[in-house]
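Peer 1: model this:
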Amino acid sequence: MFITTANSLYDIPEPLRDRMEIIEVPSYLATEKAEIAMRHLIPKQLEKHGLNKSMLSIPAPIIADVISGYTREAGVRQLERCIASICRKAACDLASGAKRIRMTKAKLQEYLGVPKYLDDEIEKEPAVGLVNGLAWTSVGGSTMQIEAEALPGSGQIQLTGKLGDVMQESAKAAITCIRAHADKLGIPADFMKNTDIHIHVPEGAVPKDGPSAGISLLTAVTSALTGIHVRARLAMTGEITLRGRVLPIGGLREKLLAAVRAGVKDVLIPEANRKDLEDVPKDILSALNIVYVKYADEVLSNALVRLPSVSVSPALPAVKENPVILPKVGRSEPPTISV
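Peer 2: As a prediction, the model looks like this:
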């Protein structure tokens, strides 16, 4: 018998994985890391470097800055290294004559340098063909911008951004779903005859894959084809089928944390994931307006500022339209994408 650890199951060969008893341990949230640092890591490193709280004070907001700006990990090893580095440099300053050191943002940059990581940024205004997806990584969650453009052409589909096989299949399924219900979205049924669709996920050198970007791809392409803006400060996660059903996803806890960190206000998640919210801390849930969706029409009615033929679903507050950019369409029958 042997015991081992891994950051991801996908790299373990299937025959070996089938013979393993797998215990999944979720990554720490930023709030949990801060609590571990304040209770354990800081006292440990102070003692190790011959310091005490009266000599070096590290406030909780500074620890939060260390976590977000200098670490990207599931655990706290790098966080402890950063705290140890702060203690060493503080000990040198104290030995040089300083009486007491209280860490500030300026002092933090002096000790650790410029932050290595920046928080994910999202668009603050509605945009056409731009959707904020949510991704799970081995070191937590992150937001992932998905861009789509509809161009004059001959029906070609171009996927860029180093997308894996699963994500490429999700993109093709989303486009087929749109084609099957194009008339109900105000899109010409034969739009693929003279339209090319380009889908791009920025940070092209970073591999991206997983079965949870379907509804993000559906929304981005629909927005690009109709010219209708996607709501600002909105993110989503969920897989889509050809018939427009939204399938559940994994890693919801980490994804919602990433949404809060990026400044997202509204999140669309699959209805089947409602039960998974029990594992999400209450402070994260209180910071988000979570909308549950089962079908593609619910996704679009909540994600787009309007639909060509229906008013916005009441699950989210209405977004004021720009009548120049978003002309009204005189249709009244509601779209029905779910079959």
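Peer 1: which residues in the stretch 151-300 of the chain form strands?
Peer 2: For the stretch 151-300 of the chain, the strands defined by DSSP state E, counting those that start in this stretch cover 157-160, 195-200, 234-236, 239-240, 246-247, 266-270, 289-293.
Peer 1: what's the closest of those strands to residue 166?
Peer 2: For the strands of the stretch 151-300 of the chain, proximity to residue 166 was assessed by Cβ to Cβ; strand 239-240 is nearest, at 9.2 Å. Any C-beta I mention is one placed from the backbone N, CA and C, and that applies to glycine too.
Peer 1: packing partners of that closest one?
Peer 2: helix 165-180, helix 214-226, strand 246-247 (3 or more Cβ pairs under 8 Å, 6 or more residues apart in numbering; DSSP states H and E).
Peer 1: for the stretch 151-300 of the chain, what are the low-confidence residue spans?
Peer 2: Scanning the stretch 151-300 of the chain with the threshold set as pLDDT under 70 gives 204-205.
Peer 1: number of nearby residues for residue 137?
Peer 2: 20 (other Cβ atoms under 10 Å).
Peer 1: what residues are up against the closest residue to it other than its chain neighbours?
Peer 2: Distances taken as Cβ to Cβ, 6 or more residues apart in numbering put residue 254 closest to residue 137, at 7.8 Å, once the chain neighbours are dropped. Neighbouring residues of residue 254 by Cβ atoms under 8 Å, 6 or more residues apart in numbering: 26, 27, 29, 136, 137, 140, 141.
Peer 1: which one of the helices and strands packed on strand 239-240 lies nearest to residue 62?
Peer 2: helix 214-226 (34.8 Å).
Peer 1: from residue 229, how far off is the closest residue to residue 288 other than its chain neighbours?
Peer 2: Using Cβ to Cβ, 6+ apart and skipping residues adjacent in sequence, the residue nearest residue 288 is residue 267, 5.3 Å away. From residue 267 over to residue 229 the distance is 18 Å, taken as Cβ to Cβ, to the nearest Å.
Peer 1: cool, and residue 154?
Peer 2: 27 Å.
Peer 1: so for the two, which sits in the more crowded spot?
Peer 2: residue 229 (23 against 9).
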